[in-house]
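Asker: Please work out how this folds:
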Amino acid sequence: MTAVSFLSAYAANSVDINGFVQDYAKSPVSGASVSLVGEGLKTETDDKGAFALVKVAPEVSDSSLVADSTKKTQLLTRRLHTAGAYDVYAYRAFDLNGRAVSKNRMTRNVNRYLLKPVTGEQGNGSAVAYAGENRRVLLKETESFSDTLVVEKEGYLTQRIAVTSASQSVEVTLDTVPKAFFTKRGEGGSSQTVAQNSAIVDFNFAFENCDSVIVEGLPAGVTATVIVSKKSVNFTGTVTAKPGEYTYTMTTVGGYTTATKSGKFTVTEPVVVVTPVQTELVADGYASLNGGTTGGKGGDTVTVSTYADFKAAVQAKEAKVVVVKGTIRTTDGDGYGLKIASNKTIMGKDSSATIYGGISISGVKNVIVYNININGTYPNPGPSDGIDISNKSTNVWIHYVNIWNAEDGNLDIKGQANYITVSYVKFWYTDKNHPHRLNGLIGSGAANHPEDFGYLKVTYHHCWFSTLVNERMPRVMYGIAHVYNNYYNAPGNLYCVGVGSYASVYIENNYFKDVNNPINFMYNIYAYILQKNNIFDNTTGTKDGTASGVILGERYITTDPYTLKKDPEKITSLPYKYTLDNAKDVPAIVQREAGPHNLK
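Answerer: Okay, the predicted model is just below:
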């Protein structure tokens with residue numbers, strides 16, 4: 001039988017938890033606090049990120065009878081025998097009168113003992129004589145060990161790791177505290193100078209590492225919409241606040257840190273919009289050339305409210321200013337666009353004056369369409385185009401007009417028409433199922449109208465291409481077009497400005513917002529594109545052309561008469577004077593002014 005011996009301080013733990021701490025870049029983290037919560041051990045990592053938490057159980061003696069006055073018990077612990085690699089121990093608790101209170105039995109792996117040699121240093125696991133006795137220090141190995149290792153350092157996320165062994169190595173990776181921040185998006189500046197009653201240039205901020213954002217201090221009329229799901233703050237609106245400076249602040253909410261961002265709106269006196277009356281009309285752009293465009297100036301002024309009176313007035317041989325009151329339906333005629341004679345001005349009496357159907361400016365000269373609505377007939381039958389300009393018509397000016405829902409094109413210019421300006425016109429459609437939302441041609445067909453080369457000189461400026469316009473804003477074939485200060489906002493479209501078949505287009509200072517293919521070279525046939533100083537706000541796709549101008553594609557070779565042996569004209573300047581607005585101001589200007597007004 002194995003001799004009985006006794007151990008002391010059975011209840012004490014022995015712990016050896018060590019390892020190192022690093023960041024996600026695999027660099028050591030020094031000075032990190034490392035603690036074992038249950039055992040009450042704590043240390044810091046060294047310059048290599050290493051740490052060690054060690055607690056050694058008391059020295060084992062042959063016998064132990066320890067009185068605990070607090071619990072009024074005595075604890076007797078003794079080793080019963082050795083079974084293979086294990087020592088078997090039993091302990092009993094007695095009250096102070098010697099009566100047994102409890103008892104238990106546990107095993108301890110003999111290889112888990114550390115020896116204490118004569119020198120007082122920890123041994124290597126072999127028996128060492130100490131003062132003539134075989135005395136050992138016990139590393140307690142319980143059937144279950146559970147504690148929490150906490151690693152923390154300022155600037156990093158605290159790590160809490162479950163520890164299930166009293167002796168183990170741990171590799172800890174700390175992540176830096178994610179800081180909240182803002183990222184500016186959109187073309188509009190975070191600080192803007194805006195006239196009272198004018199729209200700001202929309203912009204937005206993305207926010208990260210926070211739950212939401214609070215915006216304070218905006219001027220009246222400007223809204224900041226926080227979209228938590230998209231982590232975005234969208235700024236939009238028309239300023240109604242009194243002139244002055246308004247500093248706004250964004251502050252993040254939630255997250256580990258707080259970020260702030262400020263901007264300023266400087267509100268100036270309102271812009272006084274003076275809507276020109278007919279006697280003040282002076283054509284600009286290409287319509288100002290070739291003798292100018294004066295419409296019915298010098299002729300009689302007649303106000304009409306019926307189709308019959310309107311037809312008689314616009315088809316008279318002499319110059320006339322024809323003022324439309326209410327709504328006139330050209331569908332009361334033969335169903336085609338009503339033909340307009342030369343030297344006519346057609347204008348609305350106020351912003352509600354409307355032509356339902358369409359008009360045809362064909363083979364005539366010197367026509368102004370001003371301050372009126374042209375309502376196409378789709379989905380009902382009627383004229384193909386809202387306005388058709390064709391058959392060598394010259395000097396036509398479309399000014400302050402709304403055109404929408406035509407069967408084919410809202411405004412088509414073709415058939416060697418020339419010296420035309422389209423200004424302050426709003427285009428749109430109301431039915432997404434309309435199969436032909438093709439807004440405006442300059443030149444028909446594709447590569448089969450070389451006779452148009454040298455004609456089709458057209459200026460588009462301060463126009464608004466709006467809801468559901470799909471393409472042709474405009475599309476230019478063979479002609480020469482100057483496209484400037486227009487606002488493109490037709491989400492879901494196919495393309496905006498299309499250029500092909502020997503066309504030359506000068507595109508500048510436009511604002512493209514939420515559209516596809518802003519400037520699109522078509523058909524791989526010679527075409528010239530110069531485009532500069534345009535703003536592309538949340539657009540996708542092609543932006544063809546260069547700031548110095550470039551001929552794209554190749555010569556179209558086919559049977560006569562369609563082969564054109566000339567090159568597109570390289571336009572780097574315009575033959576008329578004009579004033580450019582800054583592209584960033586275009587949305588506010590165009591949305592405020594395009595379309596008809598109430599005249600004074």
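Asker: Can you name the element that comes right after the helix or strand of the chain with the lowest mean pLDDT?
Answerer: Using mean pLDDT, DSSP states H and E, strand 5-6 stands out as the lowest-scoring helix or strand of the chain, at a mean of 28. Using DSSP states H and E, the next helix or strand after strand 5-6 towards the C-terminus is strand 15-23.
Asker: That following strand packs against which elements?
Answerer: For strand 15-23, the contact count by 3 or more C-beta pairs under 8 Å, 6 or more residues apart in numbering; DSSP states H and E identifies strand 33-36, strand 50-55, strand 167-174 as packing neighbours. C-beta: built from backbone N, CA, C; applies to glycine.
Asker: Mind listing residues that contact stretch 520-528?
Answerer: Residues from elsewhere that reach stretch 520-528, judged by C-beta atoms under 8 Å, 6 or more residues apart in numbering: 446-447, 475, 495-505, 529, 541-542, 544-545, 549-556, 567-571.
Asker: Pick the most buried one from the helices and strands packed on strand 15-23.
Answerer: With neighbours taken as mean count of other C-beta atoms under 10 Å, these reach their highest mean count in strand 33-36, at a mean of 20.
Asker: Could you list the alpha-carbon positions for that one in PDB?
Answerer: Taking C-alpha atoms only, strand 33-36 is exported to PDB below (Å, rounded to 0.1, in the frame of the first residue of the first chain):
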ATOM      1  CA  SER A  33      -3.400  46.600 -19.900                       C
ATOM      2  CA  VAL A  34      -3.900  42.900 -19.500                       C
ATOM      3  CA  SER A  35      -5.900  41.500 -16.600                       C
ATOM      4  CA  LEU A  36      -7.400  38.200 -15.500                       C
END
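Asker: in the helix or strand just after that strand, what counts as buried?
Answerer: Sequence order places strand 41-44 as the next helix or strand after strand 33-36, per DSSP H and E. Of the residues in strand 41-44, 41, 43 count as buried by neighbour count, 16 or more other C-beta atoms under 10 Å.
Asker: How about stretch 576-592?
Answerer: 581, 583-591.
Asker: So among the contacts of stretch 520-528, which ones count as buried?
Answerer: 447, 475, 495-505, 529, 541-542, 544-545, 549, 552-553, 556, 568, 571.
Asker: How about residue 376: what's its closest non-neighbour residue?
Answerer: By the measure of C-beta to C-beta, 6 or more residues apart in numbering, the closest residue to residue 376 outside its immediate chain neighbours is residue 406, 3.3 Å from it.
Asker: do residue 404 as well
Answerer: residue 428 (4.8 Å).
Asker: again, but for residue 222
Answerer: Excluding the flanking residues, the one nearest residue 222 by C-beta to C-beta, 6+ apart is residue 237, at 4.2 Å.
Asker: Which strand or helix spans the one you found?
Answerer: Here residue 237 is assigned to strand 232-237, by DSSP H and E.
Asker: tell me which strands and helices that strand is in contact with?
Answerer: strand 203-208, strand 222-227.
Asker: between that strand and strand 203-208, what angle do the directions make?
Answerer: 160 degrees (axes from the mean of the first three to the mean of the last three C-alpha atoms, to 10 degrees).
Asker: The helix or strand just after strand 232-237 pairs with which strands, and in what direction?
Answerer: Counting by DSSP H and E, the element after strand 232-237 in chain order, helix or strand, is strand 244-253. Pairing partners of strand 244-253, with direction, according to DSSP bridges: strand 212-216 (antiparallel), strand 260-268 (antiparallel).
Asker: returning to what we had before: and the helices and strands packed on strand 232-237 as JSON lines, adding mean pLDDT?
Answerer: Output for the helices and strands packed on strand 232-237, formatted as JSON lines (pLDDT from 0 to 100):
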{"stretch": "strand 203-208", "mean pLDDT": "93"}
{"stretch": "strand 222-227", "mean pLDDT": "94"}
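Asker: looking at those strands, which is buried most?
Answerer: Most buried among the helices and strands packed on strand 232-237, counting by mean count of other C-beta under 10 Å: strand 203-208, with a mean of 19.
Asker: Can I get it in CSV, CA atoms only?
Answerer: Below are the C-alpha coordinates for strand 203-208, written out as CSV (Å, rounded to 0.1, in the frame of the first residue of the first chain):
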residue,chain,number,x,y,z
PHE,A,203,-25.2,68.3,-52.4
ASN,A,204,-24.8,65.5,-49.8
PHE,A,205,-22.5,64.1,-47.2
ALA,A,206,-21.9,60.4,-46.5
PHE,A,207,-21.3,59.5,-42.8
GLU,A,208,-19.6,56.5,-41.4
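Asker: Give me the helices and strands touching that strand, please.
Answerer: strand 181-185, strand 232-237, strand 244-253.
Asker: where in the stretch 451-600 of the chain is pLDDT low?
Answerer: Within the stretch 451-600 of the chain, the segments meeting pLDDT under 70 span 559.
Asker: Show me the strands in it, by range?
Answerer: 457-461, 464-465, 475-477, 480-484, 487-488, 497-500, 504-508, 511-513, 519-521, 527-532, 535-537, 550-552 (DSSP state E, counting those that start in this stretch).
Asker: Run through who's touching the second one.
Answerer: The set of residues external to strand 464-465 that reach it, using C-beta under 8 Å, 6+ apart, is 425-428, 439, 473, 486-490, 496, 590-591, 594-595.
Asker: pretty sure residue 459 is touching residue 418, no?
Answerer: No: at 11.7 Å, residue 459 does not count as touching residue 418 under the criterion of C-beta atoms under 8 Å.
Asker: what touches both of these two?
Answerer: residue 286.
Asker: for residue 335, what are its contacts?
Answerer: So residue 335 contacts 381-383 (C-beta under 8 Å, 6+ apart).
Asker: got it, and residue 252?
Answerer: 180, 182, 207, 209-213, 258-260.
Asker: tilt between the strand holding residue 237 and strand 181-185?
Answerer: 50 degrees.
Asker: who does strand 232-237 pair up with?
Answerer: strand 203-208 (antiparallel), strand 222-227 (antiparallel).
Asker: What lies in contact with the last one?
Answerer: Among residues not part of strand 222-227, those counted as contacts by C-beta under 8 Å, 6+ apart are 200, 212-213, 215, 218, 232-239, 241, 248, 250, 265.
Asker: quick one on the thing from earlier: buried ones from the contacts of residue 252, can you make that a ChimeraX selection?
Answerer: Those of those that count as buried under 16+ other C-beta under 10 Å are selected in ChimeraX with:
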select :180,182,207,209,210,213,259
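Asker: Quick check: end-to-end length of stretch 582-596?
Answerer: Distance across stretch 582-596, first residue to last, is 23 Å (C-alpha to C-alpha, to the nearest Å).
Asker: next one: that stretch to chain centre, how far?
Answerer: 23 Å (C-alpha atoms, centre = their mean, to the nearest Å).
Asker: now do stretch 486-500
Answerer: Distance of stretch 486-500 from its chain centroid, counting by C-alpha atoms, centre = their mean, is 19 Å.
Asker: Same question for stretch 511-518.
Answerer: The answer for stretch 511-518 is 14 Å, by C-alpha atoms, centre = their mean.
Asker: Buried residues of stretch 23-31, list them for me.
Answerer: For stretch 23-31, by 16+ other C-beta under 10 Å, it's 23, 29.
Asker: Can I get that stretch in CSV, CA atoms only?
Answerer: These are the backbone C-alpha positions of stretch 23-31, laid out as CSV (Å, rounded to 0.1, in the frame of the first residue of the first chain):
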residue,chain,number,x,y,z
ASP,A,23,-2.9,45.3,-34.1
TYR,A,24,-4.5,44.4,-37.4
ALA,A,25,-1.3,45.5,-39.2
LYS,A,26,0.5,42.8,-37.2
SER,A,27,2.5,45.4,-35.2
PRO,A,28,3.0,44.9,-31.5
VAL,A,29,0.9,46.9,-29.1
SER,A,30,2.9,48.0,-26.1
GLY,A,31,1.5,49.4,-22.9
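Asker: And the contacts of it?
Answerer: For stretch 23-31, the surrounding residues in contact (C-beta under 8 Å, 6+ apart) are 20-22, 44-50, 153, 156, 173-176.
Asker: pLDDT on that stretch, on average?
Answerer: Averaged across stretch 23-31, pLDDT comes to 92.
Asker: how far is that stretch from where the chain is centred?
Answerer: The answer for stretch 23-31 is 35 Å, by C-alpha atoms, centre = their mean.
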